[in-house]
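> the following comprises the amino acid sequence and a computationally predicted model.
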Amino acid sequence: GAGNRERKKVGVQMPREQTILITGCSTGIGRATAERLAAAGHRVYATARSPESIADLEAGGCRTLGLDVTDEASMQAALAAIGEEAGGVDSLVNNAGYSQSGAIETLDMGALRRQFETNVFGLVRMTQLVLPGMRAKGRGRVVNISSMGANFTFPGGGAYHATKYAVEAISDALRYEVEGFGIDVVVIQPGAIRTEFDKAAIASLEHAGDANDVYGEFNASVGKATREAYEKGPLKLLGGEPDDVAKVIEKALVAKRPRTRYHVTPSATLLIGQSHLMPDRLWDRFNATQFVKPGRG
């Protein structure tokens, strides 16, 4: 599909059974990916900040570890444990991430920094930590979970979209920098996926100004639009389940020459294509059909 830019260079064949580290496995895409890859026979290290939240994955063949991508010591300890037991990581799936919503003026700066720590800086640091081992082996895969929202921005979602735009830029630079070492960098852009994602975004609005605030009505409309998109709107019909993303991640990990980007779900393909065809002002008018516009109208 659009955006799936192929490389001409012949890829590096990955081992049939890989050692794979996945971040953010407590729910959604991370959990589904861990289950799918373990069932396929890979040595999967499923991680999350709270080990208790993923303990049940061991029954499906996963190895579980506590790993907080905002904590250097936690990341170092997890990788040391994997290195001792498995000799390092063949593939890294940078999945940990979450959304928050609200007008930019109403965002708490601490909350904004925490989101970048998880969605961007944690992804970069995890990648830095696994690359030396991959270079030594002469092969590796880094799969970064981005979003269809790395191609456009919905009102009230500036913070989240900004983190995913950052993931795209980092991935594009990294792909060139490590390809010569036999390491592939792949970006996955899911569309609307039925997970806990939307609940986190809506919950963040509780701290983004009250009803008396000039953005109160707007923030309320963002919450309503987000909820309806996942519960009954067209995005629900064109969306997918976490395992739909897990299938594509598996494909990216085992392909000899993976694409640099994969779109997942019809909603991603539709909205990415639509946003690329629309001038900025037309995109704004499209958004006005879904969101209240702050100000005097």
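Great, that's in hand.

> would you map the strands across the protein?
Taking DSSP state E, the strands of the chain run over residues 19-22, 43-48, 63-66, 91-94, 140-145, 183-190, 261-264.

> residue 284: which of those is closest?
Each of the strands of the chain has some distance to residue 284 by CB to CB; the shortest is strand 183-190, at 22.3 Å. Bear in mind the C-beta positions are built from the backbone N, C-alpha and C, glycine included.

> residues touching residue 68, list them.
49, 74-75 (CB atoms under 8 Å, 6 or more residues apart in numbering).

> returning to that earlier point: output the strands of the chain as TSV; include the columns mean neighbour count.
Shown next, in TSV, are the strands of the chain (neighbours: other CB atoms under 10 Å):
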stretch	mean neighbour count
strand 19-22	26
strand 43-48	27
strand 63-66	19
strand 91-94	28
strand 140-145	26
strand 183-190	25
strand 261-264	24
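
> ok so, going back, most neighbours, which of the contacts of residue 68?
Counting neighbours by other CB atoms under 10 Å, residue 75 leads the contacts of residue 68 with 21 neighbours.

> residue 65 versus that one, what's the distance?
For residue 75, the distance to residue 65 (CB to CB, to the nearest Å) stands at 10 Å.

> hey, where'd the helices end up in this structure?
28-39, 72-86, 109-116, 122-137, 158-178, 197-204, 216-231, 234-237, 242-254, 266-277, 280-288 (DSSP state H).

> show me what contacts residue 13?
Counting by CB under 8 Å, 6+ apart, residue 13 has contacts 139, 256.

> rerun at 6 Å
residue 256 (CB atoms under 6 Å, 6 or more residues apart in numbering).

> returning to that earlier point: the helices of the chain: which one's closest to residue 58?
Of all the helices of the chain, helix 28-39 comes closest under CB to CB, at 9.4 Å.

> who does the closest one touch, helix- and strand-wise?
In terms of contacts (3 or more CB pairs under 6 Å, 6 or more residues apart in numbering; DSSP states H and E), helix 28-39 is packed against strand 19-22, strand 43-48, helix 242-254.

> same list, those, but as CSV with distance to residue 268 and mean pLDDT please.
Formatted as CSV, the helices and strands packed on helix 28-39 follow (distance: least, CB to CB, whole Å; pLDDT from 0 to 100):
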stretch, distance to residue 268, mean pLDDT
strand 19-22, 21, 98
strand 43-48, 25, 98
helix 242-254, 10, 97
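
> what's the closest of these to residue 144?
Nearest of those to residue 144, taken as CB to CB: helix 242-254 at 10.3 Å.

> for the closest one, packing partners?
helix 28-39, strand 140-145, strand 261-264.

> list the buried residues for it?
242-250, 252-254 (16 or more other CB atoms under 10 Å).

> returning to that earlier point: nearest to residue 102, out of the helices and strands packed on helix 242-254?
So among the helices and strands packed on helix 242-254, helix 28-39 is nearest, using CB to CB, at 21.6 Å.

> now the closest one: average pLDDT?
Helix 28-39 shows a mean pLDDT of 97 in the predicted model.

> angle of it against helix 242-254?
50 degrees (axes from the mean of the first three to the mean of the last three CA atoms, to 10 degrees).

> quick one: distance of helix 28-39 to the chain centre.
On the basis of CA atoms, centre = their mean, to the nearest Å, helix 28-39 sits 14 Å off its chain's mean C-alpha point.

> just the CA atoms of that helix, as PDB, please.
The C-alpha trace of helix 28-39 is given here as PDB (Å, rounded to 0.1, in the frame of the first residue of the first chain):
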ATOM      1  CA  GLY A  28      -3.300  -4.800  23.700                       C
ATOM      2  CA  ILE A  29      -0.800  -5.100  20.800                       C
ATOM      3  CA  GLY A  30       2.200  -6.000  23.000                       C
ATOM      4  CA  ARG A  31       0.300  -8.800  24.700                       C
ATOM      5  CA  ALA A  32      -1.100 -10.200  21.400                       C
ATOM      6  CA  THR A  33       2.300 -10.000  19.800                       C
ATOM      7  CA  ALA A  34       4.000 -11.900  22.700                       C
ATOM      8  CA  GLU A  35       1.300 -14.700  22.600                       C
ATOM      9  CA  ARG A  36       1.600 -15.000  18.800                       C
ATOM     10  CA  LEU A  37       5.400 -15.100  18.600                       C
ATOM     11  CA  ALA A  38       5.700 -17.500  21.500                       C
ATOM     12  CA  ALA A  39       3.200 -19.900  19.800                       C
END
